[in-house]
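**Student:** Model the structure of this input:
(one chain, ligands or ions: 2)
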Amino acid sequence: MCFTAVNMSQDTTYRFSFGPWNISEGADPFGPEVRPLFPHESKFALYRPLGFEGVQFHDDDVVPELETLTPDQILKKTSEVRTMLENQGLTPEFVAPRLWFPAQTVDGAYTSNSAIDRAYAWDRTQKCIDVARALNCKAIVLWLAREGSYIRESKNARVAYQRLLETINQILQYDSDIEIWIEPKPNEPTDQAYVPTIGHAVAMAYASNDPKRVKGLIETAHALLAGLDASDEMAFALAHNKLASVHLNDQNGLKYDQDKNFGGANLRGAFNQVRVLEEAGFGSKGEFVGLDVKAMRTQKGHGVTAHLTNSRSLFLHLVDKVRSWDRQAEAQMIEARDYEALELAILKHLMGVK
Ligand code: 3MF
Ligand code: MG
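**Tutor:** Ligands and ions are numbered 1, 2, ... in the order given. As a prediction, this is how the structure comes out:
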């Protein structure tokens, strides 16, 4: 095979991000923390040395207990965090309203059956936008965690979609610059969610009052939990110019949301996600490659980060694999419709076998 020239060190073209929750103490629904607490704000100093420059936030990651604070106190704390980020050379990528914790959102936030609880959700969303604006951050992420139902008969789904659209329009009106990035997920914590795939998110974007400012964030594991191929989901969003960010990770079959290391369950699937991102020039407009990966509970240490650096380096190895893939041979095999040969060639390429 005749290989085209490969540049093995183009990692500078990609910028990486993660959220503070990705350095965790190992608690899961069945057991408590297994590692000592690593203070939240000490995490900022780890980003750059680990090769990351984007920070993803929940609103209360920026301002703990923001519900109990006055607008002035919220702004004061936000400006402290902004200074900490500037001192470390970090960029805030997005802020997400954590609408799945509070007691008011047990039955959903924007789609709750209770008008009082929906008002709470809107109030919290405004606070989140205020924090994003004060951080000089251009996007909020809506992971619509509890916008779904535990039993389908409990809510009117058509009304729920109308409420989601109304909220999106309210956000667009509240701030004339902010972008909304919807992170779809089909289930967990609900039984069934209302915006399970990027197709649903893109439809909401087009139905909104400013489609240009409504985009998507695709997480590998979430696409897999919907029984879909993550690279095709990314390609769909890219075809609509609506892939604002990604949460790369992996998932071993249809079970709880695992947030495994990128490529850890399906290396070929990971290769295809990188291939789709590369081919579309993802990142060239400043988009970050986000890693939403969880450290194994068995891992020892104080501030464990190997899952992040390993996932990042796996991504970069796969970038090399994409760039060194023989496109001429690929074109010939596609032309000849010899997909048996194409599959073997891909697998050998991934294994480093000539
Ligand atoms: C849930 C997730 C979340 C979101 C985050 C930002 C823990 O399945 O993936 O990460 O990405 O809350 O919206
Ligand atoms: Mg995620």
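**Student:** where's the closest residue to H58 other than its chain neighbours, which helix or strand?
**Tutor:** Nearest residue to H58 in three dimensions, chain neighbours excluded: R98, at 4.3 Å (C-beta to C-beta, 6 or more residues apart in numbering). C-beta: built from backbone N, CA, C; applies to glycine. Counting by DSSP states H and E, no helix or strand carries R98.
**Student:** now swap in R133 and tell me
**Tutor:** helix 115-135.
**Student:** Could you tell me how far that helix lies from the centre of the chain?
**Tutor:** 20 Å (C-alpha atoms, centre = their mean, to the nearest Å).
**Student:** Kindly format the C-alpha coordinates of it as PDB.
**Tutor:** What follows is helix 115-135, C-alpha atoms only, in PDB (Å, rounded to 0.1, in the frame of the first residue of the first chain):
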ATOM      1  CA  ALA A 115     -45.900  25.500  37.600                       C
ATOM      2  CA  ILE A 116     -44.000  26.500  40.700                       C
ATOM      3  CA  ASP A 117     -41.300  24.100  40.000                       C
ATOM      4  CA  ARG A 118     -41.000  25.200  36.300                       C
ATOM      5  CA  ALA A 119     -40.700  28.800  37.600                       C
ATOM      6  CA  TYR A 120     -37.800  27.600  39.900                       C
ATOM      7  CA  ALA A 121     -36.100  26.000  36.800                       C
ATOM      8  CA  TRP A 122     -36.300  29.200  34.900                       C
ATOM      9  CA  ASP A 123     -35.000  31.200  37.800                       C
ATOM     10  CA  ARG A 124     -32.000  28.900  38.100                       C
ATOM     11  CA  THR A 125     -31.400  29.000  34.400                       C
ATOM     12  CA  GLN A 126     -31.200  32.800  34.500                       C
ATOM     13  CA  LYS A 127     -28.700  32.500  37.300                       C
ATOM     14  CA  CYS A 128     -26.700  30.100  35.200                       C
ATOM     15  CA  ILE A 129     -26.700  32.500  32.200                       C
ATOM     16  CA  ASP A 130     -25.600  35.400  34.500                       C
ATOM     17  CA  VAL A 131     -22.700  33.200  35.700                       C
ATOM     18  CA  ALA A 132     -21.700  32.300  32.200                       C
ATOM     19  CA  ARG A 133     -21.800  35.900  31.100                       C
ATOM     20  CA  ALA A 134     -19.700  37.100  34.100                       C
ATOM     21  CA  LEU A 135     -17.200  34.300  33.300                       C
END
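**Student:** Break down this protein into its strands, ranges please.
**Tutor:** Assigned by DSSP state E, the strands in the chain fall at 15-18, 54-58, 91-96, 139-142, 148-149, 179-182, 192-193, 214-219, 243-248, 288-291.
**Student:** so can I have JSON lines of these showing mean neighbour count?
**Tutor:** What follows is those, written out as JSON lines (neighbours: other C-beta atoms under 10 Å):
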{"stretch": "strand 15-18", "mean neighbour count": "24"}
{"stretch": "strand 54-58", "mean neighbour count": "25"}
{"stretch": "strand 91-96", "mean neighbour count": "25"}
{"stretch": "strand 139-142", "mean neighbour count": "25"}
{"stretch": "strand 148-149", "mean neighbour count": "22"}
{"stretch": "strand 179-182", "mean neighbour count": "24"}
{"stretch": "strand 192-193", "mean neighbour count": "19"}
{"stretch": "strand 214-219", "mean neighbour count": "27"}
{"stretch": "strand 243-248", "mean neighbour count": "26"}
{"stretch": "strand 288-291", "mean neighbour count": "26"}
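**Student:** Mean pLDDT and distance to K77 added to those, as CSV?
**Tutor:** Formatted as CSV, the strands of the chain follow (pLDDT from 0 to 100; distance: least, C-beta to C-beta, whole Å):
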stretch, mean pLDDT, distance to K77
strand 15-18, 98, 21
strand 54-58, 98, 12
strand 91-96, 98, 13
strand 139-142, 98, 18
strand 148-149, 96, 32
strand 179-182, 99, 23
strand 192-193, 96, 31
strand 214-219, 99, 25
strand 243-248, 99, 25
strand 288-291, 98, 24
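**Student:** Please name whichever of the ones you listed is nearest to F282.
**Tutor:** Judged by C-beta to C-beta, the one of these that comes nearest to F282 is strand 243-248, at 6.5 Å.
**Student:** What sits closest to the closest residue to ligand 2 within the stretch 251-354 of the chain if chain neighbours are left out?
**Tutor:** Taking C-beta to the ion, ligand 2 has its nearest neighbour within the stretch 251-354 of the chain at D292, 3.8 Å off. With sequence-adjacent residues excluded and distances taken as C-beta to C-beta, 6+ apart, D292 is closest to H247, at 3.6 Å.
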